[in-house]
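Asker: Provided below for reference: sequence and predicted model.
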Amino acid sequence: MGEIARAPVAPRRLHGWPLLLLAIGALIVFATDAHAQQLERISAAGERAILRPPGLQMTGARHPRVTIVEYFDYNCPFCRRMVPTLAKVLAEDRTVAVVYKDWPVLGKASVFAAVCALAAAYQGKYLAAHAALLDGPRLTGDAQIELLLQRAGIDVVRLRADLRAHAADIAALLERNDAEARALELRGTPGILVGRTLVPGVVGADDLQRLVAESRGKAR
């Protein structure tokens, strides 16, 4: 698991949301004895808060019966290992959606990659940016990241303009993700929620599909 490598961020308000209260209250985690892994489940209020717009980067079913949330870092090798696993689940189950929560905890390159991916959303290309940054080499600097995005079809000139124009919203979204991850007591990346079940770390496709099926059953 990619370990947290930076100091805590003081939560701010995102479009009127008191994130500190969100972190303390709505995302309270409680234990479950469902499996020997001692997985945890969050409250229904916590799940609703995590999935509440704005700023959700989602792929898969438009009206999912189960949503998988991944807190990830572009330079986390374990997050890269999750790419084919999530793709397999989405390909085999049309009732599932994945929400990506950028949580850059592994240094400056990770932060720049995250803000660029979120800025790419303003030209409708978050998912293209996400794939390019996770599927490519280890990220080392701004110029390399921009080149990877350009090769993926992102307009880098517009990207830079959107980074300036939407800097406050992007920063607030990253701080929201950070507040949620810390409220969930994630110790690093990836952190995965399957419905309301917290999976702190890498999980295989078979186990992920089992958790999806269990979450779908609990939601009935």
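Answerer: Great, that's in hand. Everything numeric in this text was worked out from a predicted model, so none of it was measured.
Asker: going forward, measure contacts between C-alpha atoms and count neighbours the same way
Answerer: Will do.
Asker: in the protein, which spans are helices?
Answerer: 19-21, 44-50, 77-92, 108-120, 126-135, 142-151, 156-165, 167-183, 205-218 (DSSP state H).
Asker: could the ones you listed go into TSV alongside mean pLDDT and distance to Leu56?
Answerer: Below are the helices of the chain laid out as TSV (pLDDT from 0 to 100; distance: least, CA to CA, whole Å):
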stretch	mean pLDDT	distance to Leu56
helix 19-21	40	16
helix 44-50	91	9
helix 77-92	96	17
helix 108-120	98	10
helix 126-135	97	11
helix 142-151	98	20
helix 156-165	98	17
helix 167-183	95	9
helix 205-218	91	20
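Asker: between those, which one is closest to Arg196.
Answerer: Proximity to Arg196 (CA to CA) singles out helix 44-50 among the helices of the chain, at 6.2 Å.
Asker: just the C-alphas of the closest one, formatted as PDB.
Answerer: In PDB, the C-alpha atoms belonging to helix 44-50 read as follows (Å, rounded to 0.1, in the frame of the first residue of the first chain):
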ATOM      1  CA  ALA A  44     -25.400   5.000   5.200                       C
ATOM      2  CA  ALA A  45     -25.000   8.800   5.800                       C
ATOM      3  CA  GLY A  46     -21.300   8.400   5.200                       C
ATOM      4  CA  GLU A  47     -21.900   6.700   1.900                       C
ATOM      5  CA  ARG A  48     -24.300   9.400   0.800                       C
ATOM      6  CA  ALA A  49     -21.900  12.100   1.700                       C
ATOM      7  CA  ILE A  50     -19.000  10.500  -0.200                       C
END
